[in-house]
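Undergrad: sequence? don't have it. structure:
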């Protein structure tokens, strides 16, 4: 049976982790940059452990006010120190429950910038090397950070999104637009299955563009996330594909 990895951004204050975790194989835990507290980190790790879901750090620009979705003006040193603090915090909290980090995936504006900005990508890589070393990094396909991670010996998983629409250049449709989010479970599954089966994504201009992915993300703040995951899980099983 074919297997795929489905990940989700969690620990962000939506209190739906117990509903989502049964359908995931990995998760990205907010570690106080854009969201999260010691309590939510500990609770989320416990739920992940109970469901045998691999955990990753989900660091961000330090900006809870904007949920890490806007660029924050700060020095390279300040950003690197913030990322290292966030990653180390998750490592420490996980160790208290005898859990090890599987990966790192940066969040929001930082994630989008790392796709195209060499300086940002290098800061992320350096923060990883100073904290967790060469563990997995989840990256966008054909991105600057993918290239720099490979150059520095950081293993990667290329990521695609189950619940987000794509532009022709494989950037995500802006959340300011009404068609950014995919909320219908059947549409989300068709979107996902085309990426798995054909290695292509149908863009907002109805063009099939090549994409490669090793892990597929759904956002925990998508109000339909639970329903999408339930539908996707059943539909994948019918296609002979297991989430693992």
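TA: Perfect, thanks for sending it. Since the structure is predicted, the reported quantities are computational estimates derived from the model, not experimental observations. Residues are numbered from 1 along each chain as shown.
Undergrad: alpha carbons only for contacts and neighbour counts from here, please
TA: Fine.
Undergrad: Quick check: chain neighbours aside, which residue is closest to residue 241?
TA: Excluding its sequence neighbours, the residue lying closest to residue 241 (C-alpha to C-alpha, 6 or more residues apart in numbering) is residue 2, at 4.8 Å.
Undergrad: From the structure, what's the count of residues near that neighbour?
TA: Each residue near residue 2 was counted by other C-alpha atoms under 10 Å, and the total is 11.
Undergrad: Next: residue 81.
TA: Residue 81 has 15 neighbouring residues, counting by other C-alpha under 10 Å.
Undergrad: Next: residue 177.
TA: Applying other C-alpha under 10 Å, I find that residue 177 has 8 neighbouring residues.
Undergrad: Any figure for the gap between it and residue 110?
TA: Between residue 177 and residue 110 the distance is 20 Å, computed by C-alpha to C-alpha, to the nearest Å.
Undergrad: all helices for the protein, in order.
TA: Taking DSSP state H as the criterion, the chain carries its helices at 17-20, 38-50, 76-95, 108-114, 118-131, 144-151, 185-198, 225-238.
Undergrad: just so I know, which of the ones you listed lies nearest residue 170?
TA: Of all those, it is helix 108-114 that lies closest to residue 170, at 11.1 Å by C-alpha to C-alpha.
Undergrad: Off-centre distance for that closest one?
TA: 11 Å (C-alpha atoms, centre = their mean, to the nearest Å).
Undergrad: State the mean pLDDT of that helix.
TA: For helix 108-114, the mean pLDDT works out to 97.
Undergrad: In terms of secondary structure, what does that helix contact?
TA: Judged by 3 or more C-alpha pairs under 8 Å, 6 or more residues apart in numbering; DSSP states H and E, the packing partners of helix 108-114 are helix 118-131.
Undergrad: The helix it packs on relative to helix 144-151, how many degrees between them?
TA: Angle, helix 118-131 to helix 144-151, by axes from the mean of the first three to the mean of the last three C-alpha atoms, to 10 degrees: 40 degrees.
Undergrad: what is the orientation angle of helix 118-131 with helix 76-95?
TA: Orientation of helix 118-131 against helix 76-95 (the same axes, to 10 degrees) gives an angle of 40 degrees.
Undergrad: which parts of helix 118-131 are buried?
TA: For helix 118-131, a neighbour-count test (16 or more other C-alpha atoms under 10 Å) marks 118, 120-129 as buried.
Undergrad: I appreciate the help and will end here.
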